[in-house]
Each structure stands twice: as structure tokens, then as C-alpha cells.
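Peer 1: Predicted model and sequence follow; I will ask about them next.
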Amino acid sequence: MMKLKRHLFCDYDTTVRPTTNHQVVTNVTVKLVPKLLEFDDWTSTMTLHSWMSLNWKDEHLNWNPSDFDGISTVHVNSDEIWVPDLSVYNSGDMSLEQNGVPSTKCLVINTGSVICIPALSYVTKCITDFTFWPYDKHECRIRFGSWSHTGEEINFHLDKKGYEMEGYANNTEWNLKILNAEKIVKKFECCPNDTFPIIVYTFSIEREPGLVHVTFVTPAIAIVLLTLTVLWLDSGSTERMAIASMNFICHLLCIFDLHWQLPHNGENVPHILLFYRDSLALAAFALILTALLRKLQNMSMETPTWVSSTISFVLNNRAGRFLILTDDESKASTTGILANETDENSDLSKANDRKKESSWRHFAAIVEWLSFIAVTITYVIIFIILVPSD
């Protein structure tokens with residue numbers, strides 16, 4: 001073995017391309033073997049821990065096994081031989097050294113074939129879109145190429161599909177949905193006669209929304225039901241005012257918590273935040289409407305003509321009477337009690353006051369049902385617009 005190494009490395013120069021003719025291109029075959037993927041949505045960076053299989057032919061490292069006790073392979077350190085300066089063009093952390101191949105053991109075959117499989121960690125910037133958070137999907141690309149050589153000197157090729165997923169450990173927060181590899185060849189104005197081959201790996205990742213779904217999506221459904229409950233209750237009840245106030249406070253707390261959980265580096269506002277914003281406006285509307293209707297029900301002034309005509313129109317309809325009249329009023333209207341035709345000596349002033357209050361209560365009930373229907377339709381529209389289509 002010592003004799004073979006002296007034969008191979010006696011005059012070997014690690015800075016010289018492994019070819020006897022400088023006009024001959026060195027072909028390097030690349031295959032990525034991902035092991036673990038991490039994604040930081042606050043910095044829009046992906047960290048990939050993987051093996052990288054590199055294979056090329058070194059014309060300076062060939063021998064006849066019969067001259068060296070039948071030895072046909074030898075293991076050497078990558079620092080002892082020429083290795084391609086495979087570098088990440090779109091590094092997400094410039095403080096990290098991502099140029100070249102880190103020190104590792106390489107296998108050299110007597111034909112000159114060299115196989116190196118270093119363990120690497122790559123950090124790259126990603127295209128982030130938090131529109132449908134927490135069901136967001138992101139795309140990350142890692143661009144590899146030679147840092148100092150053209151395609152006429154070092155040409156990179158993909159080994160079959162360019163990657164192998166055996167042994168990949170899926171991230172508990174992020175699912176790797178799609179991995180694609182391609183080779184592109186670029187030319188630049190500075191060097192019109194030279195080509196620059198680039199290997200591009202595209203990662204499509206999707207968030208696992210389990211925990212976030214329980215934390216923010218389920219409460220969103222609960223506060224929708226709470227808002228509709230407020231509008232369904234009688235505006236004169238104390239319970240409605242209490243629930244309306246609690247509902248408004250719950251909206252504020254959810255938005256405050258959501259503010260600290262959402263990444264702030266996306267181009268678009270997350271739909272879940274828009275939903276909470278719109279729902280907060282509806283909760284405020286329900287609270288203010290409750291206060292106004294409580295005041296309206298206690299009014300003793302004469303109802304305007306348009307209010308009286310509206311009430312008459314609704315009460316002339318069976319469905320309107322069912323929704324507006326209370327049980328006592330419904331019974332009185334059917335038995336003629338409200339007509340009060342038999343008691344001519346009754347207090348007309350009190351009767352008129354009761355009639356005015358009843359008119360305002362009926363008008364308040366109409367407003368309650370109209371607001372309930374309007375808010376329900378508004379929530380349906382919000383869900384159609386903001387909920388992810390897929």
C-alpha cells in the first residue's frame with residue numbers, strides 16, 4: 001500500500017485538474033442524498049443535511065493492480081487529491097463556508113475513477129408565501145456549480161434523477177412534498193464563449209399544521225359561533241351584552257397571540273390574520289348593535305312613519321309574526337286581547353305608552369334578525385374568499 005501511494009502521490013498536485021490534456025473537460029457526476037431538512041420561516045432559510053455523491057475520473061490516479069500486489073482500490077483523504085470546487089451559489093448564510101468539498105474519505109479505483117461522499121450542510125434562501133398559513137407551502141432551491149471553472153473545464157452531470165431519498169428522516173413540522181433536480185447551462189455577457197453548468201435542486205415543503213390548527217383554527221370557528229350567538233339572543237337580555245363583551249375581548253386576545261406567532265417576512269398578509277381582523281369588526285358591530293338596541297327598546301317616543309310601516313309589513317306576514325312576536329304577544333293577537341275593545345275606561349295614556357314600547361321592541365327584533373342574517377352571509381363570503389382552495 002505504501003508503494004502504491006508513493007507511486008500515486010509522488011508528483012501529484014491537488015490544484016491541477018485531473019487530466020493530462022488541459023483541453024479535455026473533467027466530467028463530474030452528482031447525486032444528492034438528503035438526510036434531514038430544517039426550515040426557519042422567520043428568516044426564510046432552509047438548512048439541508050445530506051450526503052453528496054461525487055464521481056469523476058482522475059487521469060493521474062491510475063495503476064496496474066498486478067504491479068501492486070493486486071490492489072485495485074485505495075482510500076485517501078479528499079485533501080490529498082484534486083476535488084471539484086462545487087459551491088452553493090445562493091447561500092442563505094454567507095458566514096458559512098459552502099465552497100468546495102469538506103474533508104472526507106474518498107475511494108480511488110485503479111482505472112482512475114474517484115468516488116467521494118462527503119456529509120454536507122447547506123443553507124439557502126427560500127421563496128416564502130404565508131398567505132395560507134398554517135397550511136403554507138414554500139419552495140427552496142439550492143444551486144450548485146463550480147466557483148472558478150467554466151463548463152469547458154468542469155462539467156457537472158446528474159446521476160440518473162440526481163438524488164436518492166433512502167434514509168431520509170422527515171421533519172415533524174415540515175413535510176417534503178416534491179424534490180426535483182435539473183441541470184441548466186448559462187452564459188454571461190462577460191464570457192460569451194464560455195458555458196457555466198449549474199445543478200439546481202428544488203424542494204417543495206409544506207407545513208404540518210396539527211398544533212397550529214388546534215391553537216388558532218379551532219378557536220376561529222368558536223368565535224364565529226360566539227358572534228352569531230350574540231346576534232341570535234334578545235338584545236334586551238343581560239346575557240347578550242355579557243357575551244358580546246367577552247366575544248370582543250376573545251378576538252383581541254387571539255389577534256395579539258397570532259401577531260407573535262406569524263412570521264413577519266412574507267410578501268402577503270396571511271388569510272388567517274385577515275379573517276380575525278374581519279371577525280373582530282363583526283364582533284365590534286355586534287357589541288355596538290347590542291348597546292343601541294337595548295336603548296332603542298326602552299324608547300317611549302312616537303315611532304316614525306317608515307318604522308311603523310316596516311313593522312306592519314313584517315307582522316302581516318306569518319313568518320314575520322313567528323320571528324318578531326313573543327309568545328304572550330302572539331297569544332294576545334290571536335285572541336283579540338290586544339284590541340282592548342271591552343274596556344272603554346282603561347288608561348289610554350298607559351296603553352299608548354305600551355304600544356310605543358311594543359313598536360320599538362318589534363323594530364329592534366327586526367333589526368336583530370336582519371343583522372343575524374347579514375353577518376351569517378358575511379362569514380360565508382369570508383370563508384369562501386380566505387379558506388385555501390386546495
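Peer 2: Noted; the coordinates are in hand.
Peer 1: what secondary structure does Ala291 sit in?
Peer 2: helix (DSSP: H, G, I helix; E, B strand; the rest coil).
Peer 1: least trustworthy helix or strand in this protein by mean pLDDT?
Peer 2: helix 327-335 (a mean of 43; mean pLDDT, DSSP states H and E).
Peer 1: which residues sit in contact with the closest residue to Gly100 other than its chain neighbours?
Peer 2: Setting aside the residues directly before and after it, Gly100 is nearest to Asp85 in space (C-beta to C-beta, 6 or more residues apart in numbering), at 5.0 Å. Where you see a C-beta, it was placed from the backbone N, CA and C, and this is true even at glycine. Shown in contact with Asp85 (C-beta atoms under 8 Å, 6 or more residues apart in numbering): 99-101, 146-149, 154.
Peer 1: Okay, and which of the residues you listed map to strands?
Peer 2: 146, 154 (DSSP state E).
Peer 1: can you count the residues close to the residue lying closest to Pro270 once chain neighbours are set aside?
Peer 2: Nearest residue to Pro270 in three dimensions, chain neighbours excluded: Trp133, at 4.2 Å (C-beta to C-beta, 6+ apart). For Trp133, the neighbour count with other C-beta atoms under 10 Å is 24.
Peer 1: and if you look at Gln23?
Peer 2: Gln23, neighbours per other C-beta under 10 Å, totals 7.
Peer 1: And the pLDDT for Thr14?
Peer 2: Note on Thr14: pLDDT of 88.
Peer 1: roughly how far apart are the nearest residue to it once chain neighbours are set aside and Leu37?
Peer 2: Using C-beta to C-beta, 6+ apart and skipping the chain neighbours, the partner closest in space to Thr14 is Trp82 (5.2 Å). For Trp82, the distance to Leu37 (C-beta to C-beta, to the nearest Å) stands at 31 Å.
Peer 1: the strands in the stretch 101-250 of the chain, which residues?
Peer 2: Using DSSP state E, counting those that start in this stretch, the strands of the stretch 101-250 of the chain run over residues 105-109, 113-116, 119-127, 137-146, 154-163, 174-188, 191-207.
Peer 1: Figure out the helix or strand that Ala374 lives in.
Peer 2: helix 348-386 (DSSP states H and E).
Peer 1: for this protein, what are the low-confidence residue spans?
Peer 2: Where the chain drops to pLDDT under 70, the residues are 94-99, 298-360, 362-363, 389-390.
Peer 1: Name the residue closest to the centre of the chain, please.
Peer 2: Residue closest to the average C-alpha location in the chain (C-alpha atoms, centre = their mean): Asp136, at 2.0 Å.
Peer 1: can I assume that one is in contact with Asp129?
Peer 2: Yes - Asp136 is within contact range of Asp129, at 6.4 Å (criterion: C-beta atoms under 8 Å).
Peer 1: Name all residues that make contact with Asn55.
Peer 2: So Asn55 contacts 28-29, 113-116, 159 (C-beta under 8 Å, 6+ apart).
Peer 1: ah, wrong one, I meant Thr15
Peer 2: Trp82.
Peer 1: quick revisit: separation between the residue nearest to Thr14 and Thr19?
Peer 2: Applying C-beta to C-beta to Trp82 and Thr19 gives a distance of 10 Å.
Peer 1: picking that back up, for Ile184, state which of the contacts of Asn55 is nearest.
Peer 2: Proximity of the contacts of Asn55 to Ile184 (C-beta to C-beta) peaks at Val28, which lies at 15.7 Å.
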